[in-house]
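K.L.:
Here's my sequence, what's the structure:
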Amino acid sequence: MKRRYLPSPSEEVLEDFPAILKSMDKGGDTDLVAAATGLRKMLANARNPPIQQAVDYGLVPALLVWMQRTDLPKLQYQACWAVINIASGSHDHVTALVSKGIIPVAYTMLTSDREKVREHAVWLIGNLAGDSAQVRDALLQSDCLPRLLACIHQSPAETLKDIYPWAVSNLCRGKPKAEFQFVQCAVPYLCAVVKTNESLGTLQEVLWALSHICVDRNERIQVLLEEGILPTIADCLNSSEEKVQFPALRIVGNIAAGREDQTAAVLHLVPCLRSLLYSPSRAIQKEAAWTFSNIASGPPVHLNSLLSSDIFSALIDLLPKSSEAVQKEILWSLSNASLARSDEIASHLSHIGVFASLTHILEQGSPSLIYAALDVLKALLEIGQRQKSGKGGNEFCGRFEECGGLDVLESLQYQGNQQIYEKALKLLNGYFEEETEFDSVLQGLVGGVGM
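P.N.:
Down below sits the predicted model:
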């Protein structure tokens, strides 16, 4: 989230703090430029830059004054470079800058008529915004983002092309999320970067920023969709780079969590998302399953897109062998699909082995997984109960018993978790009462014969 501004390899760090302080005491313009240059070189050290020493020596107020010397561009340039690297340090270092008034100074530099000064201001704001949500919000409230975007339009296309999107991304990322009124103006620019930039690092940063912008609110999602970004997001999903796939998938998941018409906009990506379920990355598997759970909670046309792409067979195949985080999202997907009360969906799940996978979870899963699996089982058994005719009985009860599920369900009464016990008991009494009563009678007869 932060970047140190390093010197060219040919530069040597020859200065020390006593020499810098001596130059400052002389007070002449040449002396001040020499002091700022020496300090900048020290703070640009790739290893262990003396940021804390600079703060302890009380140099921050002087640097902020020098940054405002529009009459002495060399001093302004060197001072800002030094402050950029102080802002690349710890939260305490950033706090020291903010407490001395760095934010209004940085904003003023964004309005400079000198391109290099504006570029330094952008880099500085990127480091400040990358420190914490509190500093990010202070920058946003000071109207830095619109001014920064204006700087981008003023600058040549090749100028610091990775620094500008990084700085904008830092202003839009973080938790808690930034208020939409402050970051909405960045959406067109960030989408344009995704469509045109080939740098993997920049793509990663910008995609994450967009994923943060479009989370939780339908109006945020709509602004993103109106930029026509989905074809490019599809390309990112097909990338061989996980660091690009992951934030692109998060964007799709956020859109799938929106209104029905917004979810419909990503249904054409379902076949592509299926392959991500088999990613070697558990994090990507989890995101893909979460996206399918959002789609599965929608109307029949959304469920049909999952059916036609054979998503449920992949989910059921992965359920017994995935990590717990992935299993939880898969169970949510199956639960949402089952709650649609669709005979077609329920029959499909039954025929592709859902009861065997649920039995595995009931037998070996954690309490939270068992609880979720019992919800899926209940929804399916309810559909089976509605479907049964005459003496045929509940077909799904039979399928569940064939997998050894009834024995596992009965054992849950002794698992020690009160909620699981109550839920399991309701299922036993509601759907398997006749079978369990018959078993009890049979065991009693066998016991009597043995006596």
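K.L.:
packing partners for the one helix or strand Gly126 maps to?
P.N.:
Assigning secondary structure by DSSP states H and E places Gly126 in helix 115-129. For helix 115-129, the elements it packs on are helix 73-87, helix 91-99, helix 102-110, helix 133-141, helix 144-154, helix 163-172, judged by 3 or more Cβ pairs under 8 Å, 6 or more residues apart in numbering; DSSP states H and E. All C-beta atoms are positioned from the backbone trio N, CA, C, and that covers glycine.
K.L.:
okay if I get those as CSV plus mean pLDDT?
P.N.:
Shown next, in CSV, are the helices and strands packed on helix 115-129 (pLDDT from 0 to 100):
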stretch, mean pLDDT
helix 73-87, 92
helix 91-99, 95
helix 102-110, 93
helix 133-141, 96
helix 144-154, 90
helix 163-172, 93
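K.L.:
wait, which of those helices is closest to Pro247?
P.N.:
helix 163-172 (10.4 Å; Cβ to Cβ).
K.L.:
and the next element down the chain from that closest one?
P.N.:
helix 180-183.
K.L.:
Tell me the buried residues in that following helix?
P.N.:
182-183 (16 or more other Cβ atoms under 10 Å).
K.L.:
same for that helix, what does it pack against?
P.N.:
helix 133-141.
K.L.:
could you check the angle helix 115-129 makes with the helix it packs on?
P.N.:
Angle of helix 133-141 versus helix 115-129, following axes from the mean of the first three to the mean of the last three Cα atoms, to 10 degrees, is 140 degrees.
K.L.:
and the angle from helix 133-141 to helix 163-172?
P.N.:
110 degrees.
K.L.:
What are the buried residues along helix 133-141?
P.N.:
135-140.
K.L.:
before we move on, back to that, closest one to Ala325 among the helices and strands packed on helix 115-129?
P.N.:
Using Cβ to Cβ, the nearest of the helices and strands packed on helix 115-129 to Ala325 is helix 133-141, at 24.9 Å.
K.L.:
And the closest one, how far out from the chain middle?
P.N.:
20 Å (Cα atoms, centre = their mean, to the nearest Å).
K.L.:
measure the residue lying closest to Asp143 once chain neighbours are set aside to Arg217 for me?
P.N.:
Leaving aside its chain neighbours, Asp143 sits nearest to Tyr107 (7.2 Å; criterion: Cβ to Cβ, 6 or more residues apart in numbering). In this view, Tyr107 and Arg217 are 28 Å apart by Cβ to Cβ, to the nearest Å.
K.L.:
quick one, which of the two is more surrounded?
P.N.:
Tyr107 (17 against 14; other Cβ atoms under 10 Å).
K.L.:
give me the element the residue sitting nearest the centre point of the chain is part of.
P.N.:
When Cα atoms, centre = their mean is applied to the chain, the residue found nearest the centroid is Arg250 (5.7 Å). For Arg250, the host element (DSSP H and E) is helix 242-256.
K.L.:
pLDDT averaged over that helix - what is it?
P.N.:
For helix 242-256, mean pLDDT is 95.
K.L.:
dump the residue contacts of the residue lying closest to Pro61 once chain neighbours are set aside.
P.N.:
Of all residues not flanking Pro61 in the chain, Lys100 sits nearest, at 5.6 Å (Cβ to Cβ, 6+ apart). Counting by Cβ atoms under 8 Å, 6 or more residues apart in numbering, Lys100 makes contact with 60-61, 64.
K.L.:
Can you tell me how far Lys100 is from Ser297?
P.N.:
50 Å.
K.L.:
what does Arg220 give?
P.N.:
19 Å.
K.L.:
picking up where we left off before, phi and psi next, for the residue nearest to Pro61.
P.N.:
phi -90, psi 0 (degrees, to the nearest 10).
K.L.:
For Glu401, identify the helix or strand it belongs to.
P.N.:
Going by DSSP H and E, Glu401 is in helix 395-402.
K.L.:
Averaged pLDDT, that helix. What do you get?
P.N.:
Here the average pLDDT along helix 395-402 is 92.
K.L.:
List the buried residues for that helix?
P.N.:
Quick answer for helix 395-402 (16+ other Cβ under 10 Å): 395-397, 399-401.
K.L.:
Return the distance of it from the chain's centre.
P.N.:
40 Å.
K.L.:
mind saving the C-alpha coords of it as CSV?
P.N.:
Provided in CSV are the C-alpha atoms of helix 395-402 (Å, rounded to 0.1, in the frame of the first residue of the first chain):
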residue,chain,number,x,y,z
GLU,A,395,-37.9,-40.7,-2.4
PHE,A,396,-35.3,-38.5,-0.9
CYS,A,397,-35.6,-40.2,2.5
GLY,A,398,-34.7,-43.4,0.7
ARG,A,399,-31.7,-41.9,-1.1
PHE,A,400,-30.4,-40.5,2.2
GLU,A,401,-30.8,-43.8,3.9
GLU,A,402,-28.9,-45.6,1.1
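K.L.:
which element follows it toward the C-terminus?
P.N.:
helix 405-411.
K.L.:
tell me how far the ends of stretch 147-167 are from each other?
P.N.:
12 Å (Cα to Cα, to the nearest Å).
K.L.:
any idea how far that stretch is from the chain center?
P.N.:
25 Å.
K.L.:
What sits closest to Gln387 if chain neighbours are left out?
P.N.:
Asp343 (6.3 Å).
K.L.:
neighbours of that neighbour, just the number please.
P.N.:
11.
K.L.:
contacting residues around the helix holding Gly126?
P.N.:
So helix 115-129 is in contact with 2-3, 5, 73, 76-77, 80-81, 83-84, 87-88, 94, 97-98, 102-103, 106-107, 109-110, 112, 135-136, 139, 144, 148, 151, 154-155, 159-160, 163-164, 166-167, 170-171, going by Cβ under 8 Å, 6+ apart.
K.L.:
returning to what we had before: could you dump the helices and strands packed on helix 115-129 into a markdown table and include distance to Cys236?
P.N.:
Listed next are these as a markdown table, based on distance: least, Cβ to Cβ, whole Å:
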| stretch | distance to Cys236 |
| --- | --- |
| helix 73-87 | 30 |
| helix 91-99 | 31 |
| helix 102-110 | 30 |
| helix 133-141 | 25 |
| helix 144-154 | 22 |
| helix 163-172 | 15 |
